[in-house]
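# Sharing a model that was predicted from the sequence below.
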Amino acid sequence: MGYRSKDNAYVSAKRRGKGRRRKPKTDFKKIWLIALTGAVTIVAGYAVYSHLPFVKVNKAIAAGNRYSENAEYDAAISSYSEAIEIDAGSVKAYSNMASAYLSIDDSESAKKVLYDGWQNTDNEGLLSNYLTVMLNDAVNTMNTGEGNIDTVLGVVSILEQDNTNKEAIEIISAAYDRCFSVYQEDVNSLFRDSSSTSSFAKYTQILDRLLDIYEKSPSGELKEVICKYSIPSSNSFTMNYEDAVSYLSEIDKIERCVGTSDELSSLKACIENAKDVQGVLRISLRSLMLVMWMN
């Protein structure tokens, strides 16, 4: 029995030995190829990602922001411009670029950037910023005593974009005295000067545009502004006959739209009395007299 037991143990050991497998050798070449392929895929993926438009835009804006923080505004503007070239719908690029222009006191460029941005994106925030810069410019111009009829036209354009802008209405009301004061020494230049700074055509343009705004969004404040602007801030002034007739037509439009006043009715009566007279008219609001210089 002992022998057989030994023999069986031996056979069992042999069988176990036959069942063992040799460990495979590590294929380092294959591992290296897999690793290399993975690395190439990652690098290629990053290269593609870094060239995506929104990534390039964000990089350009970030660069512009760094330049702005260091007061390198020209470089900042260049970076923001690069972002806009890639994506004309980037609100942040327009906004930051306008801020950079304002930092170097270039409000005209800031206004253009904000307006173009609004046109390209329909973003109300850009429009609001544009109107704010416009208002600030008008106020600064009036405060320095340099306001004129063009300043008024600028504020009118703000109301055309936002006819409920109460601040703009307040400023245009104040502009009547401040801007027209430059014509007090020679109020005739307001109506008879053909230069680029003043003319009767610009004066009637103010009235026509204000009337259009009022018809779209009537308000008591705007009505007061129109009535104020319908009569120049002077007791007397001269104008060509053709312009006087045109002025009469303008008064008719004002009366139809917002009503009349005693002063406006008196002015209208003076002009109507001169319809058949050719020459230069001198209108006196104080005495309601009309003196004509014949050609």
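That came through, no problem. All figures in this text were calculated on a predicted structure; none of them were measured in a lab.
# Strands of the stretch 151-295 of the chain, start to end?
Ranges of strands in the stretch 151-295 of the chain, per DSSP state E, counting those that start in this stretch, are 236-240, 280-284, 289-293.
# Could you list the low-confidence segments of the stretch 1-150 of the chain?
Residue ranges of the stretch 1-150 of the chain with pLDDT under 70: 1-53.
# What residues sit buried inside stretch 124-134?
With burial defined by 16 or more other Cβ atoms under 10 Å, the residues of stretch 124-134 counted as buried are 126-127, 129-131, 133-134. Bear in mind the C-beta positions are built from the backbone N, C-alpha and C, glycine included.
# Export the residues you listed as JSON lines, with columns for distance to residue 105 and secondary structure.
Output for those, formatted as JSON lines (distance: Cβ to Cβ, whole Å; DSSP: H, G, I helix; E, B strand; the rest coil):
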{"residue": "126", "distance to residue 105": "20", "secondary structure": "helix"}
{"residue": "127", "distance to residue 105": "22", "secondary structure": "helix"}
{"residue": "129", "distance to residue 105": "16", "secondary structure": "helix"}
{"residue": "130", "distance to residue 105": "17", "secondary structure": "helix"}
{"residue": "131", "distance to residue 105": "19", "secondary structure": "helix"}
{"residue": "133", "distance to residue 105": "12", "secondary structure": "helix"}
{"residue": "134", "distance to residue 105": "15", "secondary structure": "helix"}
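# of all the residues you listed, which comes closest to residue 58?
Using Cβ to Cβ, residue 126 is the member of those that sits closest to residue 58, with 18.6 Å.
# how close does the closest one sit to residue 57?
Using Cβ to Cβ, to the nearest Å, residue 126 is found at 16 Å from residue 57.
# Return the residues in contact with the closest residue to residue 114 other than its chain neighbours.
Distances taken as Cβ to Cβ, 6 or more residues apart in numbering put residue 130 closest to residue 114, at 3.8 Å, once the chain neighbours are dropped. With contact taken as Cβ atoms under 8 Å, 6 or more residues apart in numbering, residue 130 is in contact with 111, 114-115, 118, 161.
# Just those: which are in strands?
Secondary structure defined by DSSP state E assigns none of these to strands.
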